[in-house]
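Asker: Here is the input, now give the coordinates:
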Amino acid sequence: MNKELKNALKESFEAPAPTRKKEFLRSIQKPSINIFQFVGTQIAYISKWVWGVSVLIFTVALIGAEYWELDMLWCISAFMPLLALSVLTESGRSETYGMAEFELSTQFSLKSVVLARLGILGVANLALFGLLVPFAYMNNEASILQTGVYMACPYLLTTFGGLWAVRKVHGKEATYLCAGIAVAVSAGNLLGYQSFPTFYAGQSFIWWIAAFILFGIGTTNQCYQMVKQTEELAWNL
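Answerer: Next comes the predicted model:
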């Protein structure tokens, strides 16, 4: 189609300029809700099983380390992918249940919903992580720093792989893929400790630090890409 024809069509079907637009917009009753109230409502919409997983992990760690005096580091570390799975399922919940297009048109868009859920669960998991570290350290020879890194790496690896899966695969298939990644990381962490104990010794800790940094950067990038993807969906709506 040539340029002249395009211009002619545009002029023929161009909508008239709106009149009293500002007055009309001011007359629309908008619900008064601020960002803190919005975050509060999102907490209520997070699935109950997510909070149940956190309570379960804390209870197991408390009983094992405090009352049974067991070395709980690798048990807790194996639970970290399950904790990450709770973040992944909530971040992709809109796509899974076909609510993405609806939330794109609300006052707080899909981007806001994703950011709120990632933020809420990120803060909650960080608080739980801080509570779990002393229990994992209690009956173990590793230092506090080593304990934290050993626990964080499986969590970050699962989050990195799961966020990538949520962005690339849509629907319930993404949930299944995330669950598979979490199980694989958890099993690999336990089997690796039993099969290659030297890799978990102090002289190999530098590799864990490198993995921690790498997975952290990768997870941050995947979070950014997810938010960016929701913005692209809004433009395509």
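Asker: can you tell me the helix or strand for the nearest residue to residue 57 once chain neighbours are set aside?
Answerer: Excluding its sequence neighbours, the residue lying closest to residue 57 (Cβ to Cβ, 6 or more residues apart in numbering) is residue 79, at 4.7 Å. C-beta: built from backbone N, CA, C; applies to glycine. According to DSSP states H and E, residue 79 maps onto helix 73-91.
Asker: Quick check, central residue of the protein?
Answerer: residue 87 (3.9 Å; Cα atoms, centre = their mean).
Asker: Please tell me how far the closest residue to it other than its chain neighbours sits from residue 160.
Answerer: Among residues not flanking residue 87 along the chain, residue 121 sits closest, at 4.6 Å (Cβ to Cβ, 6+ apart). Distance of residue 121 to residue 160, computed by Cβ to Cβ, to the nearest Å: 15 Å.
Asker: picking up where we left off before, so the residue nearest to the centre of the chain touches residue 124, yeah?
Answerer: No - contact criterion Cβ atoms under 8 Å: residue 87 and residue 124 do not qualify, at 9.2 Å.
Asker: Buried residues of the helix ranked longest in the chain, list them for me.
Answerer: Longest helix in the chain, counting residues (DSSP state H): helix 205-236. Within helix 205-236, the residues scored as buried using 16 or more other Cβ atoms under 10 Å are 205, 208, 211-212, 215, 218-219, 222-223, 226, 229-230, 233.
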